[in-house]
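[1] Give me a model of this one.
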Amino acid sequence: MKILHTSDWHLGRTFKGESLIEDHAYFLSQLMDIILTQEPDVLIIAGDIFDRASPPASAISQFDEFQRQVYHNTATALVILAGNHDSGERIGINGPFADRNRVLIRGRLEKDDTPLILNDEYGPIAFSALPFGEIYAARETFDNTRISSPADVIAAQVECARKHIPTNARWIISAHAFVTGASTTESERSLSVGGIETVSASVFEGAHYVALGHLHRAQKVGSDHIRYSGSPLAFAFDEAGSEKSVTMITLGRDGVSNIELLPLKALRQVRILKGNLRDLENMTNDPNRSDLVHAVLTDTGALVDPMARLRKTFPNAITLEREARQTTQSDGKGRATAKLNDPQAVIREFLTYVRDDAISDNEQAILDTAFKDISNEKA
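    Residues are numbered from 1 along each chain as shown. Down below sits the predicted model:
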């Protein structure tokens, strides 16, 4: 059986104020092409479908249209669960009406977490979907006041799900959690305030594959069969240069027989550019000028409106920082040294300070001509 694993779409998210709706549409189109080409038996979406509990209408439309395409145009089964950014009620609203032979949707914590059972040539495969749940909600759901951490919540979910797994079935768990030892990025939201939020991989003992959501880097945790698919888009500049993918696994008679990361191409890459402002301004032949850019300027002098200048070349420059900044003028004490009775010297010093570059011969000639004309007018 072929299982396609993805998570952390964060539909409706912006990148430091820049809309990502077209970037998400580009990803969803690729994902649909992968499904049509690879023909997976199951698609798992392991939480954080949306970026917030009340997503914009455009994000809801994107997800609804994608679900319809998968259900009506393919034979792929769907396993969907809510993450910590999602509203469990919103994700789970269609769960009771879903095709129980092909679709499993889990929005809120449930004590009676019955799996989706599918079959291949080797027998039954049970899919359990464990949505993110808060500690106090878990105490009420599982009637257990000792639950005090995300690890306890996951443990209670796994224990209840395990009771419904047929003895001869292979078991696939999808969950939204922070498993100990995994690598994070800047853009993940903490699962716990003031406490330990990590979960031991051992809690998933007995599962033949664990499809995780929450962390945005594609990675395995402790074992090849416990994996994060990672987010399809980069949401922070610390992910610049990272390769995004979805994970295709093949399940054999005794467990996972093959794992393949299917690469995704971003509509706009997240990039960090470093250099002198003038050099960056001159990169007009760069084929990826629409990328989301963080610039590190190496100029040491003062600069006039560097972001506006940079955006003429890179219109989606988002943030900018100065690697070093000259704080003193030519006398080393932060004072101008040119005398006011020598206006050309004042201009030369100002230009040197602003752009960290001395006046050129051509510029000096222009300056000489201008002052000569002024002198002639006065005469």
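[2] Please make it C-alpha for all contacts and neighbour counts, starting now.
    Noted.
[3] mind listing what Tyr228 touches?
    211-221 (Cα atoms under 8 Å, 6 or more residues apart in numbering).
[4] And the helices in the stretch 51-200 of the chain?
    Secondary structure of the stretch 51-200 of the chain (DSSP state H, counting those that start in this stretch): helices at 57-73, 88-92, 135-142, 150-162.
[5] What residues sit buried inside the longest one?
    I take that to be helix 57-73. The neighbour-count check on helix 57-73 (16 or more other Cα atoms under 10 Å) flags 59-60, 62-63, 66, 70 as buried.
[6] out of those, what pair is the most spread apart?
    Ala59 and Val70 (16.9 Å; Cα to Cα).
[7] most surrounded residue in the contacts of Tyr228?
    Gly213 (36 neighbours; other Cα atoms under 10 Å).
[8] For that one, list each beta-bridge partner.
    Beta bridges link Gly213 to His176, judged by DSSP bridges.
[9] circling back: weakest of the helices of the stretch 51-200 of the chain in terms of mean pLDDT?
    If you rank these by mean pLDDT, helix 88-92 sits at the bottom with a mean of 90.
[10] Show me which residues of that helix are buried.
    By neighbour count with 16+ other Cα under 10 Å, helix 88-92 contains the buried residues 88, 90-92.
[11] what's the answer for stretch 137-155, then?
    By 16+ other Cα under 10 Å, the buried positions in stretch 137-155 come out as 138-139, 141-142, 147-155.
[12] next one: that stretch to chain centre, how far?
    29 Å (Cα atoms, centre = their mean, to the nearest Å).
[13] Give the lowest-confidence helix or strand of the protein, using mean pLDDT as the measure.
    helix 343-355 (a mean of 78; mean pLDDT, DSSP states H and E).
[14] Run a quick neighbour tally on Gln30.
    16.
[15] hang on, isn't it packed against Leu264?
    Yes - proximity of Gln30 to Leu264 meets the contact threshold set by Cα atoms under 8 Å, at 7.3 Å.
[16] what about Ile366, distance to Asp8?
    With distances taken as Cα to Cα, to the nearest Å, Ile366 is found 58 Å from Asp8.
[17] Who has more neighbours out of these two?
    Asp8 (28 against 12).
[18] residues touching that one, list them.
    So Asp8 contacts 46-50, 213-216, 230-232 (Cα under 8 Å, 6+ apart).
[19] Check Leu233 too.
    By Cα under 8 Å, 6+ apart, the neighbours of Leu233 are 9, 23-24, 244, 266.
[20] Could you pull up the mean pLDDT of stretch 270-277?
    On average, stretch 270-277 scores 95.
[21] contacting residues around that stretch?
    Residues outside stretch 270-277 that contact it (Cα under 8 Å, 6+ apart): 234, 236-237, 239-241, 280, 291-299, 306, 310.
[22] Restricted to helices, list the residues you listed.
    Within the contacts of stretch 270-277, residues falling in helices by DSSP state H are 280, 306, 310.
[23] My guess is the last one contacts Glu281. True?
    Yes - assessed by Cα under 8 Å, Leu310 is found in contact with Glu281 at 5.8 Å.
[24] So which of these two has more stuff around it?
    Leu310 (21 against 15).
[25] roughly how far is the helix or strand where Arg278 lies from the heart of the chain?
    Assigned by DSSP states H and E, Arg278 falls within helix 277-281. Here helix 277-281 is found 28 Å from its chain centre; the criterion is Cα atoms, centre = their mean.
[26] Any chance you could give me it in CSV, C-alpha atoms only?
    Provided in CSV are the C-alpha atoms of helix 277-281 (Å, rounded to 0.1, in the frame of the first residue of the first chain):
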residue,chain,number,x,y,z
LEU,A,277,23.6,47.7,-1.3
ARG,A,278,24.9,48.9,-4.7
ASP,A,279,25.8,45.4,-5.7
LEU,A,280,22.4,44.0,-4.6
GLU,A,281,20.7,46.8,-6.6
